[in-house]
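**Q** for reference, the sequence and a predicted model appear below.
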Amino acid sequence: MDNIGGARIAVDHLTAVPVDSIEDQLRDVRRERDALRRENRVLKIAVAELERVSERDTLTPLFNRRYFLTAIHQRIARFERHAESAAVVFADVNQLKFINDSFGHAAGDFALIQIADRLLSSIRATDVAARIGGDEFGLILDQSTEAGARAQVTRLCDILTASPALYDGREIALSACFGIAMLQPDMTESDILAAADRDMYRCKQGQDGPAGHR
């Protein structure tokens, strides 16, 4: 205790901290910060990869059924808000069982990949292509009329059948049946996909639809 002007004042005893010790602590903090930043980047990459995998088909370069239904839902919302038309196309590969039985399941997978590649390379960047089942594919043709969608489907049929896929020196004929459904008020994504499926089935049975779909 010190006396100053008759008053008793308590003075704390301060312990001097070496400058080197403070700098060491700061370096430790910076190292921890940098390590956390690296870990955060790794986690962001891992999350992005998980999101990508959750949206992609495991065999082909296309999206999967889950993403496709989400994409239809988004187009429905646009249609209701801005009247943006879109066509949903359902495609069923012809004679995949025959390909599997004749050439093996690896050849069947190869045929599906070939079809996926041809579909993907024949649509616009704004459109969507997905594999939604074993031998089933789906397309969303943005801002398309029904007439435009059917013309595109006829073109896709020609592209698939134009040349066979070559697997292990053997030719595999490729073809598919297509069905189309346009966005309509009060329809869900399941409703639209089911309508496209029904249209495809009619084409498969050789009843309705443009020539070349069977």
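**A** Noted; the coordinates are in hand.
**Q** which residue is the nearest non-sequential neighbour of R124?
**A** D142 (7.3 Å; CB to CB, 6 or more residues apart in numbering). Glycine gets a C-beta too; all of them are placed from N, C-alpha and C.
**Q** again, but for F90
**A** F90 sits nearest to A196 (CB to CB, 6+ apart), 3.7 Å away.
**Q** give me the contact list for the host helix or strand of that neighbour.
**A** Element membership for A196 (DSSP states H and E) is helix 189-204. Under the criterion CB atoms under 8 Å, 6 or more residues apart in numbering, residues 69, 72-73, 76, 88-92, 132, 138, 177-181, 183-184, 187, 208-209, 213-214 lie in contact with helix 189-204.
**Q** re earlier: check the gap between the residue nearest to F90 and A106 for me.
**A** Using CB to CB, to the nearest Å, we find A196 at a distance of 30 Å from A106.
**Q** comparing these two, which residue is more hemmed in?
**A** Comparing A196 with A106 by other CB atoms under 10 Å, the one with more neighbours is A196, at 23 against 11.
**Q** and the more buried one, what pLDDT?
**A** A196 carries a pLDDT value of 97.
**Q** repeat that for V17.
**A** Looking at V17, the pLDDT reads 56.
**Q** and if you look at F63?
**A** F63 is given a pLDDT of 98.
**Q** can you give me the neighbour number for it?
**A** F63 has 21 nearby residues by other CB under 10 Å.
**Q** next one: the one 4 residues further on
**A** The number of residues packed near Y67 is 18, by other CB under 10 Å.
**Q** moving C-terminal of the helix or strand where it lies, what's the next helix or strand?
**A** Per DSSP H and E, Y67 falls inside helix 65-82. Scanning forward in sequence from helix 65-82 by DSSP H and E, the next helix or strand is strand 86-93.
**Q** and the angle from that following strand to helix 65-82?
**A** If you take axes from the mean of the first three to the mean of the last three CA atoms, to 10 degrees, strand 86-93 sits at 160 degrees to helix 65-82.
**Q** now, of the contacts of helix 189-204, which are buried?
**A** 69, 72, 76, 88-92, 132, 138, 177-181, 183, 187, 209, 213 (16 or more other CB atoms under 10 Å).
**Q** what about R118, neighbour count?
**A** 17.
**Q** what residues are bridge-paired with L166?
**A** E171 (DSSP bridges).
**Q** how close does the nearest residue to C177 once chain neighbours are set aside get to R66?
**A** In space, and not counting its chain neighbours, C177 is closest to K204: 4.4 Å by CB to CB, 6+ apart. Between K204 and R66 the computed distance is 25 Å (CB to CB).
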